[in-house]
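Q: just need the structure, nothing else, for what follows:
(one chain, ligands or ions: 1)
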Amino acid sequence: MRHKIIAGNWKMHKNAQETGSFLNDLINEMPEGKEVEVIVAPAFTNLMLATQILEDTNVAVAAQNMHQAEGGAFTGEISADMLTSIGVQTVILGHSERRQYFKETPALLANKVDTALRHKMRVIFCVGEELKDRKSKQFQNVVFYQLKDSLFHLPKEAWEHIVIAYEPVWAIGTGETATPEQAQEMHQFIREQIAHHYGNLADNVTILYGGSVKPDNAKTIFSQPDVDGGLVGGAALNVADFTAIINAI
Ligand code: 13P
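A: Sure thing, here's the model as predicted:
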């Protein structure tokens, strides 16, 4: 169901001690009475610690990636079953850093999505164009194929478990954000494409914006009608900034 989400993608930051102290501080600082789901995505090694610390809170834990196989000889990889067995029910898939540095293809990502859904996990699926695509006005085309190639094979019912995160690659970690208008234009486009394939359920899909979301720009981005929240990188590593962003929704 469509709802507000603020998710922090910690990437390869924070060891066990830092994870513990951040989460204990977050629990103390969490805004009350806000209709927003808060999610944190620490490194694999700290997921169990995070689920334990956050057990009786309303902050959820997500993994940043997952392997597509059920198990087997895949040295260094983590399966869906391993995640759900420690209480992690959400996984971020298709992040641009996974696509760029780890060569994750749309077909591989479709496979990962299928595996996550088989395990009744929720998927935060990232899409977003590079700067060259924006400059050549191909940005909608690029995002359309990212959606089509990894998600449009899914049956209607699956969409209950899918959250989309629009993260323009040129805005990630650069300090450069999409303007609220650029974000709204793409979020509306994404919703229209889902509607085109699946009909009314598109209105119920949560679509997050990611890319240099900071306390001082969060409010205007979140005020756009098709922006349902944020997937935050750098500013999610600091409790004061992260809670300010939660408060901005
Ligand atoms: P920044 O907020 O650091 O730009 O990162 C965004 C992101 O990649 C979240 O997944």
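Q: residue 67: what's it in contact with?
A: Listed by Cβ atoms under 8 Å, 6 or more residues apart in numbering, the contact set of residue 67 reads 74, 77, 78, 79, 112, 115. Every residue, glycine included, has its C-beta placed from N, CA and C.
Q: now, these that are in helices?
A: Residues from the contacts of residue 67 lying in helices, with DSSP state H as the criterion: 112, 115.
Q: in a markdown table: the contacts of residue 67, plus pLDDT and neighbour count.
A: Output for the contacts of residue 67, formatted as a markdown table (pLDDT from 0 to 100; neighbours: other Cβ atoms under 10 Å):
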| residue | pLDDT | neighbour count |
| --- | --- | --- |
| 74 | 98 | 11 |
| 77 | 98 | 15 |
| 78 | 98 | 17 |
| 79 | 98 | 18 |
| 112 | 98 | 24 |
| 115 | 98 | 21 |
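Q: those residues of the protein touching the ligand, which are they?
A: 9, 95, 167, 172-173, 210-213, 231-235 (Cβ under 6 Å from any ligand atom).
Q: how about residue 104: what's its closest non-neighbour residue?
A: residue 98 (4.6 Å; Cβ to Cβ, 6 or more residues apart in numbering).
Q: any idea whether that neighbour is helix, strand or coil?
A: helix (DSSP: H, G, I helix; E, B strand; the rest coil).
Q: start at 141 instead
A: Taking 141 as the first residue, the last one we looked at is residue 238.
Q: residues near it, how many?
A: 18 (other Cβ atoms under 10 Å).
Q: ok, residue 159 next?
A: 21.
Q: so who does it touch?
A: 182, 183, 186, 189, 190.
Q: dump the residues you listed into TSV; add neighbour count as well.
A: Converted to TSV, the contacts of residue 159 look like this (neighbours: other Cβ atoms under 10 Å):
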residue	neighbour count
182	27
183	17
186	22
189	17
190	27
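Q: out of the residues you listed, list just those in helices.
A: 189, 190.
Q: quick check, nearest of the contacts of residue 159 to residue 324?
A: Closest approach to residue 324 among these (Cβ to Cβ): residue 182, at 30.4 Å.
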